[in-house]
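K.L.:
Here you go, sequence then predicted model.
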Amino acid sequence: EKKATEAPEVQAEVAPGADVAVVAASQRSAEDVAEDEAIQKEREQRMAEQEKKKQEIEEQFEKGKQMLQLLHEQKEEVDRKVEEKRQELDKAQRDAAAMIPEISERLKFLKKQKAVAAKQQEAIAKQEKEMEHMENVHKK
């Protein structure tokens, strides 16, 4: 049997005088441990990447929520302004509708005044003709 101390790469790990079989088992075990450590590191790296992606997604989700909230607030503001303008328009239409009878009455009054003024003009013209006629008769 070979002694473990003869294999230079193992000398530091194995006590002098140990069997080759024990050293081989110990090496296999060390390889398994190294493989397990590599797998564990890979898992931890994947978990860290997944956590980072999860965090990025959560940040994007929060930004999206904030943007949605802002849009909702802007929509409410626009809706409020639209309602104000609608009320102003309704009031203007009611005011205009209320003025129609008043305007109509005023128009009738002005037409009557125009007719009276026309009659007065006729009367004045008639008087002027009569005065002219009288002056002509008086001059003769």
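P.N.:
Happy to help now that I have it. Numbering: from 1, shown residues only.
K.L.:
Where does Met131 fall, secondary structure wise?
P.N.:
Under the criterion of DSSP states H and E, Met131 resides in helix 20-139.
K.L.:
What is that helix packed up against?
P.N.:
Helices and strands touching helix 20-139, by 3 or more CB pairs under 8 Å, 6 or more residues apart in numbering; DSSP states H and E: there are none. C-beta: built from backbone N, CA, C; applies to glycine.
K.L.:
distance between that helix and the chain's centre?
P.N.:
Here helix 20-139 is found 11 Å from its chain centre; the criterion is CA atoms, centre = their mean, to the nearest Å.
K.L.:
Give me the distance between Glu84 and Glu132.
P.N.:
Going from Glu84 to Glu132 by CB to CB, to the nearest Å gives 68 Å.
K.L.:
Likewise for Gln113?
P.N.:
For Gln113, the distance to Glu132 equals 28 Å [CB to CB].
K.L.:
Same question for Leu89.
P.N.:
Distance, Leu89 to Glu132, by CB to CB: 61 Å.
K.L.:
what's the answer for Ala125, then?
P.N.:
Per CB to CB, Ala125 is found 10 Å from Glu132.
K.L.:
what do the two both touch?
P.N.:
Counting by CB atoms under 8 Å, 6 or more residues apart in numbering, Ala125 and Glu132 have no shared contacts at all.
K.L.:
and the residue nearest the centre of the chain, what is it in contact with?
P.N.:
With distances taken as CA atoms, centre = their mean, Leu71 lies nearest the centre of the chain, 2.6 Å away. Contacts for Leu71 (CB under 8 Å, 6+ apart) come out as none.
K.L.:
mind checking how far it is from Val78?
P.N.:
Distance, Leu71 to Val78, using CB to CB: 10 Å.
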